[in-house]
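K.L.:
need coordinates for the following:
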Amino acid sequence: MVRGFGFWSGRDVTLEFRPAEPDTGIVFVRRDLDPPARIAAVVANRIETPRRTTLSAGGASVEMVEHVMAALSGLQIDNCEVWVDEAEMPGLDGSSLPFVEVLDTAGIVEQTAPRPRLVVRNITRLGNDESWIEARPAAAGEMSVKFRLDYGSGNAIGRQTLQLAVTPEVFRSELASCRTFVLEEEAGWLVSRGLGKRTTYQNVLVFDKNGPVDNELRFRDECVRHKALDLIGDLALAGCDLAGHFIAHRSGHRLNAELVRALLTEEEIVEGRRRSA
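P.N.:
Have a look, this model is predicted:
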């Protein structure tokens, strides 16, 4: 169980992970509604909202699910019910680490059913010169990501690039702890519109021209690592394992989801190499 507040709404929320039967997938359950509403974590349920991933089904929604989805996908947890008592997920420290710690404490159980697998066999690219994402076949038949972050010159974030294979061990050690970030002027703009009023410099990395304000980086390139974390969370909306190499240049939640939709249309889902969990 995880307790916190939503970064956007400022509302207190409790989240609980519950085991689910094989072939359930990831399902968010709004227990604050009567009757409780079930929202499957699939790209067909995604609706567009600024700066976060939101899912909606049957008139109910859940927001800012990307860090929860990244934790589940990064640990290869395929069947799980996520029970919450508010629409927005707890922001916590802005990373996936608190979710990973709770899941690791609970333990991960292998199930008998094989995990479906989408193998990227063709090059698919979406976007434009400013922002794009691409899926390519992977030589080893596994999943890897490469993210290029470019904030230009004149700020402390600048340009960062990260490439790595995605495994539970790599996710735990290299990505899970990497936090949400904004520029100082972006943070001010959001607060002026009544958003993020409960967040502090300890919840979100806020960058001025010299670096993070009243905080320290966990990695020198923590920003691009967090963008890779977000990408993994968004790709998890495919509802199956992905075998391919995913390259993103200044991509965001919308473009990530568009790639998932394209792959589900163009590629074939086959029986996977591992058992579900």
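K.L.:
so what's Arg51 closest to, chain neighbours aside?
P.N.:
Closest residue in space to Arg51, ignoring its immediate chain neighbours: His253 at 7.5 Å, by Cβ to Cβ, 6 or more residues apart in numbering. Just so you know, the C-beta spots here come from the backbone N, C-alpha and C atoms, and that holds for glycine as well.
K.L.:
point out the other helices and strands that the host helix or strand of Glu48 packs with.
P.N.:
Element membership of Glu48, judged by DSSP states H and E, is strand 46-49. Judged by 3 or more Cβ pairs under 8 Å, 6 or more residues apart in numbering; DSSP states H and E, the packing partners of strand 46-49 are strand 52-57.
K.L.:
return the distance of the strand it packs on from the chain's centre.
P.N.:
12 Å (Cα atoms, centre = their mean, to the nearest Å).
K.L.:
give me the helices and strands touching it, please.
P.N.:
Short answer (3+ Cβ pairs under 8 Å, 6+ apart): strand 52-57 packs on strand 37-40, strand 46-49, strand 60-63, helix 66-74, helix 253-266.
K.L.:
out of the ones you listed, deepest packed?
P.N.:
The highest mean neighbour count among the helices and strands packed on strand 52-57, using mean count of other Cβ atoms under 10 Å, belongs to helix 66-74: a mean of 27.
K.L.:
what residues does that one touch?
P.N.:
Residues from elsewhere that reach helix 66-74, judged by Cβ atoms under 8 Å, 6 or more residues apart in numbering: 15, 26, 41, 52-53, 78, 80, 82, 89, 91, 94-96, 99-100, 103, 166, 168, 171-172, 175-176, 229-230, 232-237, 253.
K.L.:
which of these fall within helices?
P.N.:
For the contacts of helix 66-74, the ones inside helices are 99-100, 103, 168, 229-230, 232-235, 253, with DSSP state H as the criterion.
K.L.:
what's the distance between the strand holding Glu48 and the middle of its chain?
P.N.:
14 Å.
K.L.:
flag the shaky bits of the stretch 101-250 of the chain, pLDDT-wise.
P.N.:
191-194 (pLDDT under 70).
K.L.:
and of the helices and strands packed on strand 52-57, who's closest to Arg275?
P.N.:
helix 66-74 (15.9 Å; Cβ to Cβ).
K.L.:
can I get the closest one in CSV, CA atoms only?
P.N.:
What follows is helix 66-74, C-alpha atoms only, in CSV (Å, rounded to 0.1, in the frame of the first residue of the first chain):
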residue,chain,number,x,y,z
GLU,A,66,2.9,6.4,-16.1
HIS,A,67,5.1,5.9,-13.0
VAL,A,68,2.9,3.1,-11.7
MET,A,69,2.9,1.4,-15.2
ALA,A,70,6.7,1.8,-15.5
ALA,A,71,7.2,0.1,-12.1
LEU,A,72,5.0,-2.8,-13.1
SER,A,73,6.4,-3.2,-16.6
GLY,A,74,10.0,-2.7,-15.4
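K.L.:
buried ones in stretch 105-122, by neighbour count?
P.N.:
When burial is assessed from 16 or more other Cβ atoms under 10 Å, stretch 105-122 yields the following buried residues: 111, 113, 115-120.
K.L.:
can you get me the start-to-end distance on it?
P.N.:
Start and end residues of stretch 105-122 are separated by 39 Å (Cα to Cα, to the nearest Å).
K.L.:
which residues sit against it?
P.N.:
So stretch 105-122 is contacted by 17, 19, 22-23, 75-79, 135-138, 141, 238-245, 263-264, 266-277 (Cβ under 8 Å, 6+ apart).
K.L.:
that older thread, kindly reformat the ones in helices among the contacts of helix 66-74 as CSV containing distance to Glu222.
P.N.:
What follows is the ones in helices among the contacts of helix 66-74, written out as CSV (distance: Cβ to Cβ, whole Å):
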residue, distance to Glu222
Phe99, 18
Val100, 16
Leu103, 22
Pro168, 20
Leu229, 10
Asp230, 13
Ile232, 15
Gly233, 16
Asp234, 19
Leu235, 20
His253, 19
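K.L.:
and which of these is nearest to Trp189?
P.N.:
Nearest member of these to Trp189, counting by Cβ to Cβ, is His253, at 18.5 Å.
K.L.:
quick one: residues contacting that closest one.
P.N.:
With Cβ under 8 Å, 6+ apart, His253 has these contacts: 51-53, 66, 230, 234.
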